[in-house]
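Asker: when you get a sec, could you give me coordinates for this:
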Amino acid sequence: MTDLSRPTLPGALPDKRQVAASFSRAAASYDSVAALQRAVGLHLLEQLPQGLQPSRWLDLGSGTGHFSRALAERFVQASGVAVDIAEGMLCHARNEQGGAHYHVVGDAERLPLRDVSVDLVFSSLAVQWCDQFASVLAEALRVLRPGGVLAFSSLCVGTLDELRASWQKVDGLVHVNRFRRFEDYQRLCAASGFEPLGLQRCPHVLHYPDVRSLTHELKALGAHNLNPGRPSGLTGRARMQGLLQAYEAFRQPEGLPATYQVVYGVLRKPQA
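Answerer: Residues are numbered from 1 along each chain as shown. Below is the predicted model of the structure:
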C-alpha cells in the first residue's frame, strides 16, 4: 500500500495527500484550462523513439486521461494502464471514451505494478510533485522491460518566477510552488541506471490579461500554492493590490508573462 503519511519537512515539496485532494477537486475544470499541459504532453509524445511499439504502456500521473487516449490512438495494439494519485481524476478519466484499459490509484514513488510488466512509462507534468525523484526513476526502471522507455516532462526552478518575484515585494511568505533544480534532474538521471536518449530544459511562456486570470487558472488546474509555509486564509485586499502593482512591472505587449521551465527526459532501460 502506498504510504502518504510521511511528515513534510520545512522547505520540502507539498504533502501528496494535499496534492491528491487538490487535483481531485479540479477534475471537472482541469481540461478547460490545460493549454500548457496539452502543449507539453504533445511535445513529449513527439520525442518518443521512432519505431517504439509497446505491448503495454503506463500513463503515470494520467490526470483526466487526455494523454491516455492519445497513447491508445498511437499504439492501437497495446494495452494501457493509467495511474494517478488523485482518485477524482481517475473517475473523470473512466467516464471518457477510449484511453487506458485499467485505472489505478497509485504513487509514482511506489508503483502498484509488477516488475518488468510494461514497455513504456509516459509521464507528463506529474513527477514535479514527487519528493524523491530518485524513487520515481527506480520504480520506472523496475516495472519496465529491458529496452523499455521512460518519457517524462516536469517543472524545474525558474517556473512562475514572475509571480514569485512579485509576491516577494509584498511579503516573505511562500505563495508559489517550489520545484527542484534542472541540475538535480541531470544528476539523478545520470545515476539512475537508465541510458539517456535526451534530457533538456525548455521555457514555455504564457500571457494573461491580468494576474487574476493566472491565479484562477492555477486554481482550476489544482496547481495553486500547496507548499508548506504558505499563508493561511484569504489574501487581504492590500496584499493583493501590492501583487497586482508588482506584477505590472513584467507586462509585455502580449500581456503579463508566466514562464514555465519545462524539463523533458527520454530514458531507455538497458537490454542487459
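Asker: and the strands in the stretch 151-272 of the chain?
Answerer: Using DSSP state E, counting those that start in this stretch, the strands of the stretch 151-272 of the chain run over 195-208, 256-268.
Asker: the stretch 1-150 of the chain too?
Answerer: 56-60, 79-84, 102-105, 118-124, 144-155.
Asker: so which elements touch the third one?
Answerer: When you say that, I think you mean strand 102-105. On a contact count with 3 or more CB pairs under 8 Å, 6 or more residues apart in numbering; DSSP states H and E, strand 102-105 meets strand 79-84, helix 87-94. Every C-beta, even on glycine, is put in place using the N, C-alpha and C of the backbone.
Asker: quick one: contacts for residue 159?
Answerer: 177, 179, 259, 260, 261 (CB atoms under 8 Å, 6 or more residues apart in numbering).
Asker: can you rerun that using 6 Å?
Answerer: Shown in contact with residue 159 (CB atoms under 6 Å, 6 or more residues apart in numbering): 179, 260, 261.
Asker: now the helices for this protein?
Answerer: 16-25, 27-30, 35-46, 66-74, 87-94, 133-143, 161-168, 182-190, 211-221, 237-247 (DSSP state H).
Asker: if we can go back for a sec, can you tell me which of the strands of the stretch 151-272 of the chain is most buried?
Answerer: For these, the largest average neighbour count (mean count of other CB atoms under 10 Å) is found in strand 256-268, namely a mean of 21.
Asker: that strand - which strands sit beside it in the sheet, and in what orientation?
Answerer: Taking DSSP bridges as the criterion, strand 256-268 sits next to strand 144-155 (antiparallel), strand 195-208 (antiparallel) in its sheet.
Asker: thanks again, I'm all set now.
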